[in-house]
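Just a sequence and a predicted model for now, questions to come.
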Amino acid sequence: MKDGVNGVALGVFIFFFLLVTVMGFLAARWRKAENEHSLDEWGLGGRSFGTWITWFLLGGDLYTAYTFVAVPAAIYAAGASGFFAVPYTILVYPLIFTFLPRLWSVSHKHGYVTTSDFVRGRFGSKGLSLAVAVTGILATMPYIALQLVGIQAVLDVMGVGGGENTNWFVKDLPLLIAFGVLAAYTYSSGLRAPALIAFVKDALIYLVIAVAIIYIPIKLGGFDDIFAKAGDAFSQVNPNTGKPRGALASGEAQQWTYATLALGSALALFMYPHSITATLSSKSREVIRRNTTILPLYSLMLGLLALLGFMAIAAGIKVQNGQLAIPQLFENMFPDWFAGIAFAAIGIGALVPAAIMSIAAANLFTRNIYKDFIKPDATPEQETKVSKLVSLLVKVGALVFVLTMDKTVAINFQLLGGIWILQTFPALVGGLFTRWFHRWALLAGWAVGMVYGTLMAYGVPSPTNPSQKHFGGSAKEIPGIGEIGYIGLTAFVLNVVVTVVLTFVLKALKAPEGTDETRPEDYTADAGDPGVQVELPPATAGAGH
C-alpha cells in the first residue's frame, strides 16, 4: 500500500461516485409514472424495462463488488478451486431459460411482486409463503453487507479513513457517507436508480477488465511467467494446515466439491430475491428469453476477472485480508488515474446490487409479512411507504454488520445464505411446472433442508484460521457417498426427498391442499395478451384470495 492517501485515484473515484449519485436522484424522473405510490412503480420500475436495460440491470445485480473482489481473491488464496463461479454462471442460463419466462408471465398476470406472492397464490398457503419470504430476507442481508465490504476494501487501499489506530468514526466516515447516499437515492427513486446507474457500472467494469487482461500481463512478463509464479506459490506449504496453499488445477480429491458447489450455486442464483426483482421489472417474457441468451457475456468477463488472482500472486501482492488483493494489484500496477477508474468500478459495482437487494428484501417484508399478517387492508400507497422504510432498515442492518463484525464473518454468512436460499427451489420452480407437491410437504422439506444445512455449516471449521471453529466453509462429507461436497446441494436433495415422500402420504390422507388461484394459460401469457394486468386494483392488490 502506498503511503498516505492516493489523491489522484481518490479524485477520480469521487468524480464517478458523484456522477452516479446525481444519476440516482435524477432516476426518479426517468420514465416517471402517473401513480408513483405502488410497489409496481417503486419496487419494479413500472415493469417497463426493455432488453438492454434489463441486461444491464441483471448484470449489475448478479455481478457485484463481491464478485469483483472475492472471485479473484479466492483464486489468489487457493488457486483453481475459486473458478467454480465460472461454470456455475454458464450452467445457470439454460436453467433459467426454462422457468423465468413462466414466472414472469404468471407474475404479470396476477400482479405478483415477489416469489412469495407466487407461492402463496399457487399453493394457497401463507405459511409456505412466509417461509420463502423469511428465507429470502435472511439470505439477502449478508449479501448486502458484502457489497459494503467491497467499498471498504477500495477505501482502505486508497488510504481513506486513516490507519487502524484512527478514531472509529473518522475511519468509517467514508463508508457512512457512501451508505447515506445509497440509502437516499434508493428511497427516492426505487429500482429506477440502480437500473440507470448499471449502465455506468458495467461500462467501467468491462473497460477495467479489458485493460487489466492486456496491460498487467505485459508488465509481468506474460501469462507464462504469471502461471509459473502462481504454481510455485501454490506449492508452498501453509503452516496452519500443513498442506500446499492451493493448486493451478484442481486434483481428483476436489472434484466432488467443485462440481457440487458449481451445480448448487447455479440452482440457487435465481432464487435470490434481487434476481427475481430485476427479472419482474422487464416489460415482456420475450425480454427475459433474450436476456438468457446474452447474459453469458458476463461469464466471459468473469473468467477473465478470475485470472487477476494469479496476476496478484505474480505481482508479489502480500495482504493479510485476501479481499484487498485485487484493489492492491490495481494500485500497484496501474497509473493513479486509471487505478481511480478501477476503484470506481468496484465501488459502483457495490452500489447497484446493494440498492436492488435492499428493495427486494423490503418488498418481501411488505407483501408477505406486513400485508399478509399485519395489515391485510393496506393500500398500495401504504405498501410503498413501508417498503421504502424497510429498505432503509435493511441497509442499516447491513452497515452495522460490516462495522461491528470481522469481514470473514460476512463472507461465511453469505455462504450460509446460499445454502438457505436453495431450499426455496422446490416451492418456486416446482410450483411453476406442477401443482402435484402438497403445500405442507413443501414446508416440511424446506424446514429439513434449512435445519440440516445450518447444522452442517455450523460444524465446519475454517481451513486457514484455527481459531474459527464454526461456519468456516460450505463443504462437508456427503452422507452415504463419503465424498466432500457442497452442503447446500445435500440439504436440497434431502428437501426434495422429504417433499416427495410427504406429498404421497398427505395425498393418501386427503389433507387439504389449498386453492390454486392460477390457471395453465397464465404461465405463457405475455404483456399484450387480453386479461393480463400489470397492477391489481387497490382493493385486491396482493391479496391471496
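Nice, thanks for sending it over. Numbers count the residues shown, from 1 in each chain.

And residue 440, how close does it get to residue 428?
Relative to residue 428, residue 440 is positioned 17 Å away (CB to CB, to the nearest Å). Bear in mind the C-beta positions are built from the backbone N, C-alpha and C, glycine included.

again with residue 183
Between residue 183 and residue 428 the computed distance is 29 Å (CB to CB).

same check, this time on residue 65
Note on residue 65: its distance to residue 428, by CB to CB, is 27 Å.

When these two are compared, which one has more neighbours?
A direct count of neighbours by other CB atoms under 10 Å for residue 65 and residue 428 places residue 65 higher, at 29 against 20.

Quick check: that one touching residue 344?
No - the criterion here is CB atoms under 8 Å, and residue 65 misses it with residue 344 at 11.1 Å.

C-terminal to the helix or strand of the chain with the lowest mean pLDDT, what's the next element?
Ranked by mean pLDDT, DSSP states H and E, the helix or strand of the chain with the weakest confidence is strand 237-238, at a mean of 76. Using DSSP states H and E, the helix or strand that follows strand 237-238 towards the C-terminus is strand 243-244.

if we can go back for a sec, check which helices and strands the least confident helix or strand of the chain sits against.
Using 3 or more CB pairs under 8 Å, 6 or more residues apart in numbering; DSSP states H and E, the elements in contact with strand 237-238 are strand 243-244.

contacts for the strand it packs on?
The contact list for strand 243-244, computed with CB atoms under 8 Å, 6 or more residues apart in numbering, reads 234-238.

For this protein, which residues score under the pLDDT cut-off?
1-3, 31-36, 161-171, 240-242, 406-408, 410, 464-466, 528-545 (pLDDT under 70).

Residue 72 is in what secondary structure piece?
Assigning secondary structure by DSSP H and E places residue 72 in helix 65-78.

What distance do you get for residue 50 to residue 112?
For residue 50, the distance to residue 112 equals 21 Å [CB to CB].

Looking at the two, which has the bigger crowd around it?
A count of neighbours by other CB under 10 Å puts residue 112 above the other of residue 50 and residue 112, at 24 against 13.

How about the secondary structure of that one?
With DSSP: H, G, I helix; E, B strand; the rest coil as the basis, residue 112 sits in coil.

so it makes contact with residue 129?
No - Residue 112 is not in contact with residue 129 according to CB under 8 Å; the separation is 10.7 Å.

roughly how far out does whichever strand or helix holds residue 432 sit from the chain middle?
Taking DSSP H and E as the definition, one finds residue 432 inside helix 431-433. Between the centre of helix 431-433 and the centre of its chain there are 23 Å (CA atoms, centre = their mean, to the nearest Å).

can you check stretch 303-317 too?
Computed by CA atoms, centre = their mean, the chain-centroid distance of stretch 303-317 equals 23 Å.

buried set for that stretch?
In terms of neighbour count (16 or more other CB atoms under 10 Å), stretch 303-317 has its buried residues at 303-315, 317.

Between its first and last residues, how far does it reach?
In stretch 303-317, first residue to last residue: 21 Å (CA to CA, to the nearest Å).

contacting residues around it?
For stretch 303-317, contacts defined as CB under 8 Å, 6+ apart pick out 67-68, 71-77, 82-83, 85-86, 209, 212-213, 216-217, 220, 225-227, 229-230, 233, 325-326, 328-329, 332-333.

What subset of these is buried?
Using 16+ other CB under 10 Å as the burial test, those include 67-68, 71-77, 82-83, 85-86, 209, 212-213, 216-217, 220, 226, 229-230, 233, 325-326, 328-329, 332-333 as buried.

Who are the packing partners of the helix or strand where residue 120 lies?
Assigned by DSSP H and E, residue 120 belongs to helix 115-123. Applying 3+ CB pairs under 8 Å, 6+ apart, we find helix 115-123 packed against helix 85-110, helix 126-158, helix 431-433.

So which of the buried residues of stretch 303-317 belong to helices?
Judged by DSSP state H, those include 303-306, 308-314 as members of helices.

Closest to residue 389 out of those residues?
The shortest gap between residue 389 and any of those belongs to residue 305, at 35.9 Å (CB to CB).

Distance of that closest one relative to residue 346?
Separation of residue 305 from residue 346 (CB to CB): 11 Å.

Then residue 211?
14 Å.

Look at those two and report which has more neighbours.
Taking other CB under 10 Å, residue 211 and residue 346 do not tie; residue 346 has more neighbours (27 against 14).

tell me which residues of the helix or strand hosting that one are tucked away?
Under the criterion of DSSP H and E, residue 346 resides in helix 336-365. Neighbour counts over helix 336-365 (16+ other CB under 10 Å) mark 336, 338-365 as buried.

Tell me which residues are up against stretch 74-89.
Applying CB under 8 Å, 6+ apart, the contact partners of stretch 74-89 are 62, 67, 71-73, 230, 234, 245-250, 254, 257-258, 261-263, 265-266, 269, 296, 298-299, 302-303, 306-310, 312-313, 317, 322, 325-326, 464.

so how far is stretch 281-288 off the chain centroid?
Its chain's C-alpha centre and that of stretch 281-288 lie 20 Å apart, by CA atoms, centre = their mean.

Likewise for stretch 250-263?
The answer for stretch 250-263 is 22 Å, by CA atoms, centre = their mean.

For the remainder of this discussion, apply numbering that starts at 53.
Fine by me, first position is 53 from now on; the one you just mentioned is stretch 302-315.

Name the residues of it that are buried.
The neighbour-count check on stretch 302-315 (16+ other CB under 10 Å) flags 302, 306, 308-315 as buried.
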